[in-house]
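1. structure, please.
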Amino acid sequence: MTGESAFIERLRTLAASDAARGLMDDVAVLDVGGRQLVITSDTIVAGVHFLKNDPPEDVGWKLAAVNLSDLAAKGAQPIACLMNYALTGDDSWDAAFLTGLKDALDTYAMPLIGGDTVALPKGAPGVFTLTAIGEAGSAVPARSGALAGDTLYVTGTIGAAGLGLDLARRGITEPLDPIRAYRRPQPLLAQGRELAPLVHAMMDVSDGLLIDSARMAAASNMAVEIALDRMPVSRDVLAGRGDSVDLRMAAGTAGDDYQLLFAAPSDTILPIAATAVGRFDIGHGLSLSYMGRSVPVPARLGYEHG
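-> Here you go, the predicted structure:
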């Protein structure tokens, strides 16, 4: 068991409220006078979630976007947010960060209503936390509701953000679309609201399609099989590289895609475009295939803090 998952197991002894959903989800769901409030909190750290030379405007955008993506996966409408900010000591960087944050908050109509600021020791990495609050309807899909026979779907394409991160690390500025996918993810709020009443389970793809699918299966006490050849890999990832099981495995473990991953009955008429990539069944664990043949599950399924 990794450091992150072991720590979360210990935290579960403290999170006894029904709102915590057993810490098996990315959000808390709090019933307040019959209103379903969806609350999520994400922290991003320099050198872990973004590169130190990433434009500060993009870092500000990303902090809001990753939280908004969690709301999207529960079919929630943003209401407000709070931010905890570690001052960098660079006034121009901090100001540019706020410009990008404002762009995201204005785009998705999520007002900032408070938070906290701190100063870290000189040389410490930047650490920024945002807590988003949304409101959902009666259906707030958990990641734990997948049933045997359900199809696993994903929206959009997979792997572009991982490619963008690799390009940014190497100082390469083209093609632009993957770099934009990495730096400025687009939370799928409208799509999440359309899907929420129809799906059995839903979450966003933040740490990698493979690891997030495995987490959904584990939370649902189900097994899941993914057909790698059906995974909608970004055209930028495929361009000039050719298709292969290794390339698809890399795309499926890269993370930062912020697409919606959901389980629904196979005969569901979906209101949005999505790709069927797998199937849930009785059992446990993740299995993979490529062109109809079973392939080994890699030791690393995606990103984990260890």
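
2. in the stretch 51-200 of the chain, which spans are strands?
-> In the stretch 51-200 of the chain, the segments counted as strands under DSSP state E, counting those that start in this stretch are 77-87, 112-119, 127-136, 151-154.

3. give the rounded mean pLDDT of the third one.
-> Right, the one you point to is strand 127-136. Average pLDDT, strand 127-136: 96.

4. that strand vs strand 112-119, what angle?
-> Counting by axes from the mean of the first three to the mean of the last three CA atoms, to 10 degrees, strand 127-136 points 160 degrees away from the direction of strand 112-119.

5. run through who's touching strand 127-136.
-> When contacts are taken as CB atoms under 8 Å, 6 or more residues apart in numbering, the neighbours of strand 127-136 outside the stretch itself are 29, 35-46, 59, 63-64, 67-68, 70-71, 74-86, 97, 110, 115, 120, 196. Yep, even glycine has a C-beta here, placed from its N, CA and C like the rest.

6. what angle separates it from strand 77-87?
-> Here strand 127-136 points in a direction 170 degrees away from that of strand 77-87 (the same axes, to 10 degrees).

7. can you give me how far strand 127-136 is from the chain middle?
-> The chain centre lies 13 Å from the centre of strand 127-136; the measure is CA atoms, centre = their mean, to the nearest Å.

8. the helix or strand hosting A217 packs against which elements?
-> Using DSSP states H and E, A217 sits within helix 209-219. Helix 209-219 makes packing contacts with strand 151-154, strand 201-204, strand 223-227, helix 245-254, strand 260-264, strand 275-281, strand 285-290 when contacts are defined by 3 or more CB pairs under 8 Å, 6 or more residues apart in numbering; DSSP states H and E.

9. count of neighbours near R293?
-> Other residues within reach of R293 by the criterion other CB atoms under 10 Å amount to 9.

10. could you pull out the helices for the stretch 51-200 of the chain?
-> Read by DSSP state H, counting those that start in this stretch, the stretch 51-200 of the chain holds these helices, from start to end of the chain: 56-72, 91-107, 160-169, 176-183, 189-195.

11. mean neighbour count, those helices: which tops it?
-> Between these, helix 56-72 has the highest mean count of neighbours, a mean of 26, where neighbours are mean count of other CB atoms under 10 Å.

12. contacting residues for the most centrally placed residue in the chain?
-> Nearest to the mean C-alpha position of the chain, by CA atoms, centre = their mean, lies S206 at 2.7 Å. Contacts were defined as CB under 8 Å, 6+ apart; by that measure S206 touches 26, 66, 69, 212, 255-258.

13. return the member of the residues you listed nearest to G192.
-> Taking CB to CB as the measure, S69 is the one of those closest to G192, at 8.7 Å.

14. G285: neighbour count?
-> Other residues near G285 number 12, with proximity taken as other CB under 10 Å.

15. that one contacts E225, doesn't it?
-> No - counting by CB atoms under 8 Å, G285 sits too far from E225 to count as a contact (9.6 Å).

16. where does this structure have low pLDDT?
-> Low-confidence regions of the chain, defined here as pLDDT under 70, cover residues 1-4, 13, 15-17, 19-23, 124, 240, 304-306.

17. care to break it down by domain?
-> According to the domain assignment given by automatic domain parsing, the chain is divided into the following structural domains: 3-136, 151-295.

18. distance between the ends of the last one?
-> Domain 151-295 has an end-to-end distance of 20 Å (criterion: CA to CA, to the nearest Å).

19. likewise stretch 232-251?
-> First-to-last residue span, stretch 232-251, CA to CA: 10 Å.

20. what's it in contact with?
-> The list of residues contacting stretch 232-251 from outside it, by CB under 8 Å, 6+ apart, reads 154, 156-160, 162-163, 175, 177-178, 181, 209-210, 228-229, 231, 275, 277, 288, 290, 295, 298.

21. just the buried members of these?
-> If you count burial by 16 or more other CB atoms under 10 Å, the buried members of the contacts of stretch 232-251 come out as 154, 156-160, 162-163, 178, 181, 209-210, 228, 231, 277, 288, 290, 295.

22. related to what we said a few turns ago, what about the helix holding A217, distance to the chain center?
-> The gap between where helix 209-219 is centred and where its chain is centred comes out at 12 Å by CA atoms, centre = their mean.
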